[in-house]
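*Asks:* give the three-dimensional model of this entry:
(chains A and B)
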Amino acid sequence: MDTRPPFEYYKEYYRLYAVLYATDEGLFKEVPDDLSSAQIGIEVVYRICLGTDGGEVRVIDFYNAPAMDKDRQTGGPVMVDDAEWYVEPGDSTTPLVLIRRVSGFFDEDGLARLSAMHAVAEIQEGILP
Amino acid sequence: MTLSAFNVQSPYGVIREYRPIEFKGFFLHPKSDSAPEGWTYTPGAEPPQSKPGEAGGSAPYRFIGKPPTRPWVCYHTPGTFLYGEVDWRGRWKDTDKLHRGRYRLSYHGPASRYFVDPEFSYGSSDTHNNIYEEGRCIAVAPFPVLGACLRLMQDAHHLAMGGIDPPMIWYVIAVCKDGNRDVVLRKPRRAGVLGPDYTDEFRAASMRMYDKDEAPDGWLELGSATLSTATQGTNCAVNIAKTPWFFNSEGTQAACVRECEFDMDGGAAIGTVRRSGYNVFTMNVSEHYASFADLRNDPGYGYTLTVKTSKEDELRVVTKWPYTTSRPALEHSWDVYVVDLELRCLGEYTVGVDYRDNTFVRLRVKSDIKRTQKQNMYFGTDPIPHPESALAGDSNAGDKYGDIYNYEGPDRGELSGATEQWAAVNDKVFLDFSGDGTDTHWLYRRFSGSRTEFMTGVSDPEDQNLYYVWKLNTYPHHVDVRTPHIISYVEEDVMQMLAYPAPVAHYESEQHYYIGEGNDYKKIMERRIEDTFASAGGEATGIGRGWLFSDVVDGRYTIGTTTTVSFKDVDIPIPLELDYDWPENVPSLSESYYNQIYSLGDGMYPLRDMLQSIAKNVRVGGYGVDDFENAAVSMQYVDHEYQTKQYNFLTGGDLGSVTSADGENQRFYKLGVS
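*Replies:* Numbers count the residues shown, from 1 in each chain, chains lettered A, B, ... in the order given. Model prediction:
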């Protein structure tokens, strides 16, 4: 019997994340000046996009707990590459800016194929941004 | 292509940083008359309450903070915070996020910060070895800590392994008192402990000296010295440390003032005298060694006494002599002698040092004393008998008159006891926080003059000749030149020669000056002591009598000459030796102020006594200024009715309200700043 782990077909293409702070008062995108709590700064992932060398892409989104602003309010636009992705319900107007980090796993050709397929998916399946 | 979504917290998060709770503000220990042990503790309560600071207390210690642009907030925090009286301010943690404040440490030391506290002695408690950061003890040194700071340096372990581009880590640097030796140590900064975890085991582990294998995080000695002033060529003994070292914000330099005893050359007038003084030392700290330097002190105070004697033109005046209505008015002749005296004292002396960020700051006592006196003396020169009178008694021959009283406004045409003369005292001795005279605070003040010269500058239309004396002594409880901030006890005597006997009004007060609150002193308490009365004889000018006439004519000094004597000292205001070693040809101070009823010199203390008097300086309490220039003071004092009271001050707030405290005589010490 073959006990080797299954072949990993998909590799991480990119991820979208924001650094949020977990505190005694909850999750913050901006830490209030008067916060008196220990803080853990976490790269909270909102999207992971997987891909293959052949250009197949697979997108996994996470709806994380809403993060608060300096005034302890939730809500506001979620931004990717200067574009609004969606708006979280709430009174806050402070944007949550996500950072896109592309994996260094794929070579130039692989990245080109993934980019092309991702563009198609954005149009056909509405995975904006 | 597959698209999926999960409404859970992403399991792919990566922890980027961990930041322990940051306390920026003030640690307080609230108490009141009804809760003397602490705010939430009621003796005998059922079920028994935890004392403040013990784990499990409902609201034991409190912490208040006021970040910029925010109101005061209070945290009823659990646990026992640890902190000391003296603090070090480091660099800002994040210049883009100033609300995070600065790196700060605290350690134990005298309550006044810069001056010797007779009730504090390094080594009298084990806690004197501790170094605290934000309520936690982060290190215990092997000796009492005189000064401490944090410094970002290359990780020595990586250097030891020959690593390339070693990471920067925080080290704790401490100056410690090992007997009469000052030792500089460093160790990597590690997480601190709160009170319950401050155990013998923690102390023992934290106190260990560096050992490559057994204690790689232990203390490493960077240098040591027995502070000496040998290069000054004087017989100088540097006393053991009683006041702290202070580091700059980067932890690269430190400075201290150390008491010393030395022989001082005061000049020909007073010769060599033994003095208690201060000496300034500094230290440069590199990553691997510390080196000490003797910065000496300022030259001290230079005194110049100038006495000018002259004989003026013969004075001829028609009057009755002696003053008897039965005698005729005759023209009498007088020889007139004038004595002018001026005593000047100018100079400065460093009594404390500190750093504003990385700028070295001296706390100096500056002196600008000016005492002047002018006195006319008259010698009768009529023939015997007087040409216009056969009565021998109508001749003034051999009669001598000196001006007895030194007050303004004499009748110049009348040859009574008081004729033309003037006298003034203008002693200015002050603490200079700024180095350039822009922020000064009286230590001594003596002033005498007419109303036009005194305080208001407005003359009294009813009596232009009113004479005033103002005497002030200040005893600082707590000083911080970084902020700046001073809280002090003041004695003040004011006399107005309105009537005889002249009342002398005595005031005592406690006052607080904090630059963040403006340039005015806030008077915490003022107590007026019952008036005393100067003599009905009229000597109530504060100057006393002038020289005796016999001093002029007995040849002790030569008419028509100017005598100048210079000397120097480090005591304020008048060296004691001067009464004994005064130049022979100049009237001495005691003779000058002969037979004084009320003396301006009353209550004058040597400089050191002013700065560390047990009775007047020590106040139970706590003081602090946080990173955002908020000040907190909670101090015990005796009010105008001699009741023990508490002065509680908080910038832009009220300590009682912010902490939701109630009860009589609330107090909030011990108090720590973070």
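*Asks:* burial of the residue lying closest to B:Ile64 once chain neighbours are set aside, as a residue count?
*Replies:* What sits nearest to B:Ile64 in space, not counting adjacent residues and going by C-beta to C-beta, 6 or more residues apart in numbering or on different chains, is B:Cys74, at 4.9 Å. Every residue, glycine included, has its C-beta placed from N, CA and C. Residues near B:Cys74, counting by other C-beta atoms under 10 Å in any protein chain shown, number 20.
*Asks:* B:Leu105 contacts B:Arg151, doesn't it?
*Replies:* No - if you go by C-beta atoms under 8 Å, B:Leu105 and B:Arg151 don't touch, sitting 10.9 Å apart.
*Asks:* helices or strands up against the helix or strand in which the residue nearest to B:Ile64 is found?
*Replies:* According to DSSP states H and E, B:Cys74 maps onto strand B:73-75. Contacts defined by 3 or more C-beta pairs under 8 Å, 6 or more residues apart in numbering or on different chains; DSSP states H and E place strand B:73-75 against strand B:62-65.
*Asks:* quick one: strands adjacent to the strand it packs on?
*Replies:* Strand pairing for strand B:62-65, using DSSP bridges, gives strand B:26-28 (antiparallel), strand B:73-75 (antiparallel).
*Asks:* just to revisit the earlier point, more crowded one of B:Leu105 and B:Arg151?
*Replies:* B:Leu105 (29 against 22).
*Asks:* need phi/psi at the spatially closest residue to the more buried one that is not a sequence neighbour.
*Replies:* Sequence neighbours aside, B:Trp88 is the residue nearest to B:Leu105 in space, at 4.6 Å (criterion: C-beta to C-beta, 6+ apart). As for B:Trp88, its main-chain torsions (degrees, to the nearest 10) stand at phi -120, psi 140.
*Asks:* same check on A:Glu108?
*Replies:* Torsion angles, degrees, to the nearest 10, at A:Glu108: phi -60, psi -40.
*Asks:* what's the separation between it and B:Ala392?
*Replies:* Computed as C-beta to C-beta, to the nearest Å, the A:Glu108 to B:Ala392 distance reads 133 Å.
*Asks:* of the two, which one has the most company?
*Replies:* Taking other C-beta under 10 Å, A:Glu108 and B:Ala392 do not tie; B:Ala392 has more neighbours (10 against 7).
*Asks:* wait, what's in contact with the more buried one?
*Replies:* B:Ala392 makes contact with B:384-385, according to C-beta atoms under 8 Å, 6 or more residues apart in numbering or on different chains.
*Asks:* so for the closest residue to B:Lys66 other than its chain neighbours, what's the pLDDT?
*Replies:* Of all residues not flanking B:Lys66 in the chain, B:Trp72 sits nearest, at 4.7 Å (C-beta to C-beta, 6+ apart). B:Trp72 is assigned a predicted lDDT (pLDDT) of 90.
*Asks:* thought B:Trp72 was touching B:Ile64?
*Replies:* Yes - with contact defined as C-beta under 8 Å, B:Trp72 and B:Ile64 form a contacting pair (5.8 Å).
*Asks:* need the residues touching each of the two.
*Replies:* Joint contacts of B:Trp72 and B:Ile64 (C-beta under 8 Å, 6+ apart) are B:650, B:658.
*Asks:* who's in contact with the closest residue to B:Pro20 other than its chain neighbours?
*Replies:* Leaving aside its chain neighbours, B:Pro20 sits nearest to A:Ala38 (5.2 Å; criterion: C-beta to C-beta, 6+ apart). Taking C-beta under 8 Å, 6+ apart as the criterion, A:Ala38 is in contact with A:23-24, B:18-21.
*Asks:* check what pLDDT A:Ala38 gets.
*Replies:* 82.
*Asks:* B:Lys93 now?
*Replies:* 92.
*Asks:* OK, contacts around it?
*Replies:* So B:Lys93 contacts B:100-103 (C-beta under 8 Å, 6+ apart).
*Asks:* buried stuff in the host helix or strand of A:Cys49?
*Replies:* Element membership of A:Cys49, judged by DSSP H and E, is strand A:39-51. Residues A:39, A:41-51 are the ones in strand A:39-51 that count as buried (16 or more other C-beta atoms under 10 Å in any protein chain shown).
*Asks:* tabulate these (TSV), appending distance to B:Asp165.
*Replies:* Output for the buried residues of strand A:39-51, formatted as TSV (distance: C-beta to C-beta, whole Å):
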residue	distance to B:Asp165
A:Gln39	28
A:Gly41	24
A:Ile42	28
A:Glu43	25
A:Val44	31
A:Val45	31
A:Tyr46	34
A:Arg47	35
A:Ile48	33
A:Cys49	34
A:Leu50	35
A:Gly51	35
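*Asks:* which two from those end up farthest apart in space?
*Replies:* Across the buried residues of strand A:39-51, the longest distance by C-beta to C-beta is 34.0 Å; it joins A:Gln39 and A:Gly51.
*Asks:* spatially nearest residue to the closest residue to chain A within the stretch 301-450 of chain B (excluding sequence neighbours)?
*Replies:* Proximity of the stretch 301-450 of chain B to chain A (C-beta to the nearest C-beta) peaks at B:Asp357, 22.2 Å away. Take B:Asp357 and drop its neighbours on the chain: the residue closest to it by C-beta to C-beta, 6+ apart is B:Ser249, 4.7 Å away.
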